[in-house]
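# Build me a structure from this.
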Amino acid sequence: MRPGRGLGYWLAVLLALVLLSEEVAYAFNLVTPALPHIAKEFGTTQIAWVSTAFSLMGAVSAPLFGKLADKYGKKRWLLISAGLMAVGSLIVLLAPNFGLFLVGRTIEGFGLGIVAITYSLMRDILPPRMMALGVSLATAGIGVTGIVGPYIAGYLLDHHGYRGVFAFLFTLPVVIGIAIAVLVPETDVRIAGRINYLSAILLGAAFGVLLYVLGEGGTWGWTSAKTLGGFLVGLLVLAIWAIRENKVDVPLIDLRVAKSRAMGLTMTTNLIAQAVITVQFVLLSFLVQVPRSLGRTYGLGKTAEQMANITSLAGVASVAMGFLVGWLAQRVGARLPNLIGFALMAVGSGMLAMAHDTYGQMLIGYVVYAFGGGLVSAAIPNLVIAAVPPQVQAVSATTVGAIGTLGSTIAVQVTFAILARKILQLVQGSPIYAEQGFTTVYWLAAAGSVIAVLATLAMRHGRRPASVEA
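Next up, the predicted model:
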């Protein structure tokens with residue numbers, strides 16, 4: 001340990017870093033149950049952008065902020081990220097209209113890099129004997145967020161509305177950020193290199209255009225010149241970005257790692273995993289909270305706190321599966337739990353597609369899916385380790401994470417594009433979707449999970465104990 005620094009000091013540093021990293025999980029777990037409330041407040045049919053704006057900005061900015069942190073200081077950029085998360089949350093909290101709300105949500109997305117920077121800062125400043133404890137606490141913290149987060153969201157939504165959620169998201173990074181500024185030392189480690197700003201702009205522009213057209217295609221007409229032209233422009237910009245990424249020395253997202261069979265399959269499964277995980281939470285928020293009198297053939301009319309009973313139980317299942325993967329990976333490799341996980345995700349999604357009329361049906365189907373989601377979420381990082389040599393594991397993990405975030409972003413937009421195909425009625429400007437849209441999306445989630453099962457079967461890595469492959 002550094003001179004004059006005792007165990008109590010380092011535990012305080014670790015606690016501050018772990019608590020701040022939870023802000024990212026809360027920005028998703030607390031906001032998704034609020035989507036029906038936000039749609040009703042602003043009378044908007046464009047509710048998908050509440051999640052899309054956050055995830056898209058995060059996917060583009062997280063790799064960029066990671067490189068800036070390596071070059072100019074991890075503590076500095078951790079605080080900048082936390083500050084942007086707080087500013088975005090404050091804008092959302094005070095927003096008088098939906099346009100300004102989305103501006104704030106987009107700024108919040110800059111905070112998505114907090115987790116990666118936190119892990120990197122831990123590696124640089126913590127005494128070696130505390131690294132394992134740090135990683136364990138951070139991992140456990142994510143699991144705890146999945147369990148207690150829904151209850152926090154439920155209480156805030158039921159008693160303070162959606163603004164209560166964003167008041168919480170504003171307060172947490174401010175308080176913890178001050179603690180980090182006072183307690184946490186800056187790392188001396190610096191990595192020189194150019195920052196690829198143009199790649200971030202191109203990637204953001206490409207997906208921004210594609211997702212906007214996807215959201216508006218139903219209104220414009222899927223075969224209209226406006227829709228087809230928009231897709232063409234988006235794909236053209238995406239192609240320019242991909243060509244440039246393969247040529248520059250410092251890519252934003254290193255596509256070259258995907259050229260290997262192992263990484264290509266791992267990235268594919270992570271994209272599908274994050275898409276299905278996002279879809280499941282979004283659909284649950286509407287099916288549980290919409291009253292049956294409005295949904296006609298669906299809707300439980302439960303409060304956000306009652307919905308937490310389902311999601312928190314699923315969180316417990318997910319954490320338990322995380323521990324199981326750690327045990328299995330050391331004995332048979334990570335491929336088997338990934339395979340079982342996607343199979344359970346397919347079964348759970350299929351169950352919900354066929355039956356989602358009662359609380360019991362929703363609970364059983366969602367928990368079956370959650371067991372699978374927990375297995376997959378824990379298996380994929382181990383598959384990355386098994387897929388590439390140690391010297392490129394950092395860039396590979398960053399790339400896989402970015403692809404997963406994009407999968408989540410695309411899934412949200414596709415989900416609401418399908419739901420918007422048939423709206424039963426508008427209640428104070430907020431749409432009540434027809435049941436067939438939910439069923440269609442659940443079947444797509446099941447089909448995607450089956451594709452991921454096939455991709456996992458094709459993997460040649462992850463079949464041996466993790467210690468051997470590492």
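# Identify the residues contacting residue 218.
Under the criterion of Cβ atoms under 8 Å, 6 or more residues apart in numbering, the contact partners of residue 218 comprise 417, 420-421. Yep, even glycine has a C-beta here, placed from its N, CA and C like the rest.
# Which member of the residues you listed is positioned nearest residue 453?
Of all those, the one with the least separation from residue 453 (Cβ to Cβ) is residue 417, at 25.5 Å.
# Surely that closest one is within a strand?
No: assignment of residue 417 by DSSP: H, G, I helix; E, B strand; the rest coil gives helix, placing it outside any strand.
# the domain parsing of the protein - what is it?
Segmentation of the chain into domains, based on automatic domain parsing, reads 1-189, 197-247, 254-470.
# got the end-to-end distance for the second one?
According to Cα to Cα, to the nearest Å, domain 197-247 extends 15 Å from its N-terminal end residue to its C-terminal end residue.
# how far is that domain from where the chain is centred?
21 Å (Cα atoms, centre = their mean, to the nearest Å).
# Any figure for the gap between residue 127 and residue 465?
With the distance defined as Cβ to Cβ, to the nearest Å, residue 127 ends up 28 Å from residue 465.
# quick one on the thing from earlier: let me have the domains of the chain in CSV, adding mean pLDDT as columns.
CSV is the format used below for the domains of the chain (pLDDT from 0 to 100):
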stretch, mean pLDDT
domain 1-189, 87
domain 197-247, 90
domain 254-470, 88
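# What are the boundaries of the helices in the stretch 251-400 of the chain?
For the stretch 251-400 of the chain, the helices defined by DSSP state H, counting those that start in this stretch occupy 261-289, 292-295, 304-329, 335-354, 359-387, 393-419.
# Which other helices and strands does the fifth one contact?
Here helix 359-387 is seen to pack against helix 261-289, helix 304-329, helix 335-354, helix 393-419, helix 466-469 when contacts are counted using 3 or more Cβ pairs under 8 Å, 6 or more residues apart in numbering; DSSP states H and E.
# Residue 386 contacts residue 333, correct?
Yes: A contact is recorded between residue 386 and residue 333 when judged using Cβ atoms under 8 Å, the distance being 6.9 Å.
# Could I get the full set of helices for the stretch 51-200 of the chain?
Secondary structure of the stretch 51-200 of the chain (DSSP H, counting those that start in this stretch): helices located at 74-94, 98-108, 114-125, 128-183, 197-220.
# of all the helices of the stretch 251-400 of the chain, which lies closest to residue 190?
Closest approach to residue 190 among the helices of the stretch 251-400 of the chain is made by helix 393-419 (15.4 Å; Cβ to Cβ).
# Pull out the buried residues from the closest one.
Within helix 393-419, the residues that qualify as buried by neighbour count (16 or more other Cβ atoms under 10 Å) are 393, 395-419.
# Kindly report the same for stretch 425-434.
Within stretch 425-434, judged by 16+ other Cβ under 10 Å, the buried ones are 430-434.
# Check stretch 108-116 too.
For stretch 108-116, the neighbour count (16+ other Cβ under 10 Å) marks 108-116 as buried.
# what does it rub up against?
Contact with stretch 108-116 is made by 20-21, 23-24, 27, 53-59, 61-66, 69, 77-78, 81-82, 84-85, 88-89, 92, 169, 173, 398, 401, 405, as judged by Cβ under 8 Å, 6+ apart.
# Nearest residue to the middle of the protein?
Residue closest to the average C-alpha location in the chain (Cα atoms, centre = their mean): residue 405, at 5.6 Å.
# Give me the nearest residue to that residue, chain neighbours excluded.
residue 59 (4.0 Å; Cβ to Cβ, 6 or more residues apart in numbering).
# Quick check, the one you found in contact with residue 399.
No: the pair residue 59 / residue 399 is not scored as a contact, 11.2 Å apart, by Cβ under 8 Å.
# What residues does the residue lying closest to residue 353 once chain neighbours are set aside make contact with?
What sits nearest to residue 353 in space, not counting adjacent residues and going by Cβ to Cβ, 6+ apart, is residue 442, at 3.5 Å. Contacts for residue 442 were tallied using Cβ under 8 Å, 6+ apart; they are 283, 349-350, 352-353, 356.
# Okay, and residue 425 sits in which element?
Taking DSSP states H and E as the definition, one finds residue 425 inside strand 423-427.
# Next secondary structure after that strand?
Sequence-wise, the next helix or strand downstream of strand 423-427 (DSSP H and E) is strand 430-433.
# CA atoms only: put the helix or strand following that following strand into PDB for me.
Next in sequence after strand 430-433, counting helices and strands by DSSP H and E, comes helix 435-457. The C-alpha atoms that make up helix 435-457 are tabulated as PDB, following Å, rounded to 0.1, in the frame of the first residue of the first chain:
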ATOM      1  CA  GLU A 435     -51.400  -7.100 -27.900                       C
ATOM      2  CA  GLN A 436     -50.200  -8.600 -31.100                       C
ATOM      3  CA  GLY A 437     -47.200  -6.300 -31.200                       C
ATOM      4  CA  PHE A 438     -46.000  -7.600 -27.900                       C
ATOM      5  CA  THR A 439     -46.400 -11.200 -29.000                       C
ATOM      6  CA  THR A 440     -44.500 -10.500 -32.200                       C
ATOM      7  CA  VAL A 441     -41.500  -9.000 -30.400                       C
ATOM      8  CA  TYR A 442     -41.400 -11.900 -27.900                       C
ATOM      9  CA  TRP A 443     -41.300 -14.400 -30.800                       C
ATOM     10  CA  LEU A 444     -38.500 -12.300 -32.300                       C
ATOM     11  CA  ALA A 445     -36.600 -12.500 -29.000                       C
ATOM     12  CA  ALA A 446     -37.000 -16.200 -28.900                       C
ATOM     13  CA  ALA A 447     -35.800 -16.500 -32.500                       C
ATOM     14  CA  GLY A 448     -32.800 -14.400 -31.800                       C
ATOM     15  CA  SER A 449     -32.000 -16.600 -28.800                       C
ATOM     16  CA  VAL A 450     -32.200 -19.700 -31.000                       C
ATOM     17  CA  ILE A 451     -29.700 -18.100 -33.500                       C
ATOM     18  CA  ALA A 452     -27.400 -17.400 -30.600                       C
ATOM     19  CA  VAL A 453     -27.700 -21.100 -29.600                       C
ATOM     20  CA  LEU A 454     -26.500 -22.000 -33.100                       C
ATOM     21  CA  ALA A 455     -23.700 -19.500 -32.900                       C
ATOM     22  CA  THR A 456     -22.600 -20.900 -29.600                       C
ATOM     23  CA  LEU A 457     -22.600 -24.500 -31.000                       C
END
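# for helix 435-457, the distance to its chain's centre please.
On the basis of Cα atoms, centre = their mean, the separation between the geometric centre of helix 435-457 and that of its chain is 18 Å.
# Next, the angle helix 393-419 makes with it.
For the pair helix 435-457 and helix 393-419, the angle between their directions (axes from the mean of the first three to the mean of the last three Cα atoms, to 10 degrees) equals 150 degrees.
# buried sites along helix 435-457?
Those would be 435, 437-442, 444-446, 448-450, 452-453, 455-456, for helix 435-457 by 16+ other Cβ under 10 Å.
# and what of stretch 252-260?
Of the residues in stretch 252-260, those with enough neighbours to count as buried (16+ other Cβ under 10 Å) are 252-255, 257-258.
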